[in-house]
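Undergrad: please work out how this folds:
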Amino acid sequence: MRAPRPVDARIAEPSAAARSTTFEQLAALPDERLDVARGAALIARDVYATLDVDRVLARFDGLAAPLVAADLASRSPGEQATALARCFSDDLGFRGNEDDYHDPRNSLLPDVLDRRLGIPITLCLVYCELARRAGVRARGVSFPGHFLVRVDGPDGDDAPVTVDPFFGGRRLDDAALQKLLERASPSRKGSLAEHLAPASARTTLVRMLINLKWIHSTRGDFARALLALDRIICLTPDSVPALRERGMLAARLGAAETARADLSRLLQLMPDAPDATAVRARLAELETKAVALN
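TA: Coordinates of the predicted model:
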C-alpha cells in the first residue's frame with residue numbers, strides 16, 4: 001500500500017469524538033457521539049501509523065465547498081440527490097472500483113480520497129460527509145449486500161430518495177431496490193422500508209471492519225485480520241460471533257491468552273451455543289498447552 005502524504009500539524013476540534021485520539025477511545029463513546037468518519041480514519045491509521053486523522057477529515061471541507069455554495073438545504077430530496085451526484089461523480093470523480101473490488105485500499109479512507117475509488121460503504125461515507133457539510137440530510141443504509149444512502153428532505157414531508165454512490169449516486173426506485181435485495185439474499189424477508197432504515201455509526205464501522213477482516217483473511221494476512229477483529233470487539237464487546245472468530249484465530253496464531261479469554265467469554269454469554277462442545281474442547285486444549293508450558 002502507498003504511504004500517506006506528509007501532513008501538517010493537527011487541527012484542533014472541540015467535540016469528544018474529535019478528542020478521541022485512539023480507536024479504543026472512540027469506540028467507548030455512546031452511540032450518539034460516535035463519528036463514523038473519524039472512526040474510518042482511525043482504522044486507516046492501523047495501516048498508516050503516522051496518519052494525521054484531523055488532516056484527513058479536514059479534506060472534506062474543501063471537497064464540499066461547491067455544494068455548500070449551491071445552497072441545497074431547502075431543496076427537495078430529489079434535487080439534492082441530483083446536485084450531490086453531479087458533484088460527487090462528475091466533478092470530483094468518485095466511483096466504485098469494479099476492476100479491483102477487493103483491494104484493501106478501497107476500505108481505507110485516505111486512499112479513497114486520494115484515488116477517488118472505493119467500495120459501497122466507503123463511498124457512502126464520503127457522500128454523506130459532503131452532504132452534511134452542504135446541509136443535506138443524507139445517511140448510510142446497511143442494505144443487504146450493498147451499502148446505500150438515503151436522502152431525506154429538510155422537513156420530513158418529502159419521501160426519502162435512495163441513492164447508490166458506488167454507481168455515481170444514481171437513484172434507486174422500489175423495483176431496483178427489490179431486485180438488489182433478491183440478488184443479495186433471495187431468502188431474506190421483510191419490507192424494503194425495514195432495510196432502508198439509517199445505519200448507526202457503530203453499525204457502519206463494524207460493517208467496514210468486517211469487510212477489511214475478510215479481505216485480509218483471503219489474502220492470508222491473518223495478523224491484520226486479527227487486528228480488524230480487535231476493532232470489531234472494541235465496538236461490540238459482547239458480540240458472540242466476533243469473540244468466536246477472534247478466539248479461534250488467536251489460537252491459530254499462538255495468542256493463547258487472548259484465545260482463552262475470548263472463548264471463555266463466549267461461553268459466559270451463550271453457554272448453550274450450538275458449538276459449545278467444540279469451544280469447550282478447544283479451551284481445554286489451550287489450558288493443557290498452558291500447563292505444559294509452565
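
Undergrad: show me where this structure dips below the pLDDT cut-off.
TA: Filtered on pLDDT under 70, the chain yields the residue ranges 1-20, 156, 188-190, 290-294.

Undergrad: show me it divided up by domain.
TA: Using automatic domain parsing, the domain parsing of the chain gives 23-195, 238-293.

Undergrad: compare the ones you listed and report which one is nearest to Thr204.
TA: Closest approach to Thr204 among these is made by domain 23-195 (5.0 Å; Cβ to Cβ). For every residue, glycine as well, the C-beta is placed using N, CA and C.

Undergrad: ends of the closest one, what's the gap?
TA: Distance across domain 23-195, first residue to last, is 28 Å (Cα to Cα, to the nearest Å).

Undergrad: again with stretch 269-278
TA: First-to-last distance for stretch 269-278 - Cα to Cα - comes to 16 Å.

Undergrad: contacts for that stretch, please.
TA: Outside stretch 269-278, the residues that touch it by Cβ atoms under 8 Å, 6 or more residues apart in numbering are Asp238, Val240, Leu243, Arg244, Leu266, Leu267, Val279.

Undergrad: could you flag which of the residues you listed are buried?
TA: Using 16 or more other Cβ atoms under 10 Å as the burial test, the contacts of stretch 269-278 include Leu243, Arg244, Leu266, Leu267, Val279 as buried.

Undergrad: the last one falls within a strand, correct?
TA: Read it as Val279. No - Val279: not assigned to a strand; according to DSSP: H, G, I helix; E, B strand; the rest coil it is helix.

Undergrad: so what's it up against?
TA: Arg244, Gly247, Leu263, Leu266, Leu267, Ala273.

Undergrad: hmm, back to that, can you put the contacts of stretch 269-278 in a markdown table and add secondary structure and distance to Ala40?
TA: Shown next, in a markdown table, are the contacts of stretch 269-278 (DSSP: H, G, I helix; E, B strand; the rest coil; distance: Cβ to Cβ, whole Å):
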| residue | secondary structure | distance to Ala40 |
| --- | --- | --- |
| Asp238 | coil | 23 |
| Val240 | helix | 25 |
| Leu243 | helix | 23 |
| Arg244 | helix | 25 |
| Leu266 | helix | 28 |
| Leu267 | helix | 33 |
| Val279 | helix | 32 |
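
Undergrad: just the closest of the residues you listed to Ser217, please.
TA: When those are compared for distance to Ser217 (Cβ to Cβ), Arg244 wins out at 14.4 Å.

Undergrad: next up, the contacts around the residue lying closest to that closest one once chain neighbours are set aside.
TA: Leaving aside its sequence neighbours, Arg244 sits nearest to Leu266 (Cβ to Cβ, 6 or more residues apart in numbering; 5.5 Å). Counting by Cβ under 8 Å, 6+ apart, Leu266 touches Val240, Leu243, Arg244, Gly247, Ala273, Val279.

Undergrad: what about the residue lying closest to Tyr101 once chain neighbours are set aside, distance to Gln268?
TA: Leaving aside its sequence neighbours, Tyr101 sits nearest to Ile119 (Cβ to Cβ, 6+ apart; 6.4 Å). Ile119 sits at a distance of 35 Å from Gln268 (criterion: Cβ to Cβ, to the nearest Å).

Undergrad: ok, the most centrally placed residue in the chain to Asn106 distance?
TA: Geometric centre of the chain, nearest residue: Met208, 2.8 Å, by Cα atoms, centre = their mean. Distance, Met208 to Asn106, by Cβ to Cβ: 11 Å.

Undergrad: quickly list what's touching both of the two.
TA: Contact criterion Cβ under 8 Å, 6+ apart; residues bridging Met208 and Asn106 by contacting each: Thr122.

Undergrad: can you pull the phi/psi pair for Pro198?
TA: Dihedral pair for Pro198: phi -60, psi 140, per degrees, to the nearest 10.

Undergrad: ok, Ser76 next?
TA: phi -70, psi 160.

Undergrad: which residues touch the nearest residue to it once chain neighbours are set aside?
TA: The shortest distance from Ser76 to any non-neighbouring residue, by Cβ to Cβ, 6+ apart, is to Asp158 (5.4 Å). Taking Cβ under 8 Å, 6+ apart as the contact definition, Asp158 lies against Ser76, Pro77, Gly78, Asp152.

Undergrad: so between Ile119 and Gln268, which is more surrounded?
TA: Taking neighbours as other Cβ atoms under 10 Å, Ile119 and Gln268 compare with Ile119 leading, 22 against 10.

Undergrad: pretty sure the more buried one sits against Gly96.
TA: Yes - Ile119 is in contact with Gly96 according to Cβ atoms under 8 Å; the separation is 6.9 Å.
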